[in-house]
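J.: output the structure for:
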Amino acid sequence: MKRIITGLIAIVTSANVFAQLPDPGFTVDSRTAIVITDPQNDFLSPQGVAWGVVGESVTKNNTVANLESLFKIAKQKGMTVMVSPHYYYKHDHNWKIEGALEALMHKINMFDRSHTLKTDGFENSGADWLDQYKKYIEADNVIVTNAHKVYGPESNDLALQLRKHGYDNVILAGMSANLCTESHMRDLIESGFKVAVVSDATAGAILPNMNAYEAAVVNFKMIASHVFTTDEIVKEIKTSK
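T.: Modelled structure (predicted):
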């Protein structure tokens with residue numbers, strides 16, 4: 001009996017510890033950049049090919065407007081934003097090794113571009129930026145990295161650009177929550193960056209018995225240094241020096 005009681009106490013104690021996860025916190029300073037993944041039509045426009053599964057989450061989170069708030073405050077403060085886009089070209093459709101969603105994205109021509117060195121057919125396509133973001137992305141404080149090819153930044157130059165520009169801290173937002181956004185969070189943390197996630201400046205697919213956004217938020221809270229709302233991080237940036 002004593003052994004059983006001791007075991008129950010250990011379980012309860014462990015549960016209490018994990019119910020009160022530490023919050024390392026996150027301070028916005030001169031070594032902080034914003035990273036936004038996939039601010040593109042196929043995710044964020046009602047005309048995008050993924051809208052049927054992400055639209056409910058995007059609408060509920062007010063994701064489109066919240067991402068614009070990040071672009072806007074960054075422009076006002078002269079803060080660097082790095083956009084990590086997702087593009088597929090003709091040669092990418094010949095991959096022999098694919099995961100479930102890679103196969104689906106290729107099947108529905110998500111993020112397709114006609115050529116690596118040309119922009120024919122790019123404007124207003126699914127791979128293009130949402131119209132309301134273009135004036136921000138074209139500004140001098142925004143760097144567009146090479147495209148990532150699956151979900152994380154291992155295949156592009158995001159980490160290199162952050163390091164070369166002297167940034168150690170990342171405010172992360174964008175699409176899609178449990179895929180590119182979470183994968184960027186994980187890889188950047190493994191690469192030694194301090195990462196905070198903006199929880200309502202992202203969204204995820206909602207499928208039968210699957211809510212990708214809710215799954216991602218659990219991992220954001222367990223892995224990132226801090227999780228902000230858009231209002232909270234905009235306030236932090238406004239008051240930063």
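
J.: next SSE downstream of the helix or strand of the chain with the lowest mean pLDDT?
T.: Every helix and strand in the chain was compared by mean pLDDT, DSSP states H and E; the lowest is helix 2-19, with a mean of 51. With elements assigned by DSSP states H and E, the helix or strand that comes after helix 2-19 is strand 32-37.

J.: from the contact counts, what lies against that following strand?
T.: Judged by 3 or more CB pairs under 8 Å, 6 or more residues apart in numbering; DSSP states H and E, strand 32-37 is in contact with helix 63-77, strand 81-84, helix 158-164, strand 169-174, helix 182-190. Backbone N, C-alpha and C define where each C-beta goes, glycine included.

J.: who does it pair up with?
T.: Paired neighbours of strand 32-37 in the sheet (DSSP bridges): strand 81-84 (parallel), strand 169-174 (parallel).

J.: residue ranges with poor pLDDT in this structure?
T.: Low-confidence segments of the chain (pLDDT under 70): 1-19.

J.: residue closest to the middle of it?
T.: The chain has residue 181 as the residue nearest its centroid, 2.7 Å off, counting by CA atoms, centre = their mean.

J.: please report how far it lies from residue 152.
T.: 10 Å (CB to CB, to the nearest Å).

J.: joint contacts of these two?
T.: Common neighbours of residue 181 and residue 152, using CB atoms under 8 Å, 6 or more residues apart in numbering, do not exist here.

J.: give me the nearest residue to residue 63, chain neighbours excluded.
T.: Among residues not flanking residue 63 along the chain, residue 203 sits closest, at 4.5 Å (CB to CB, 6 or more residues apart in numbering).
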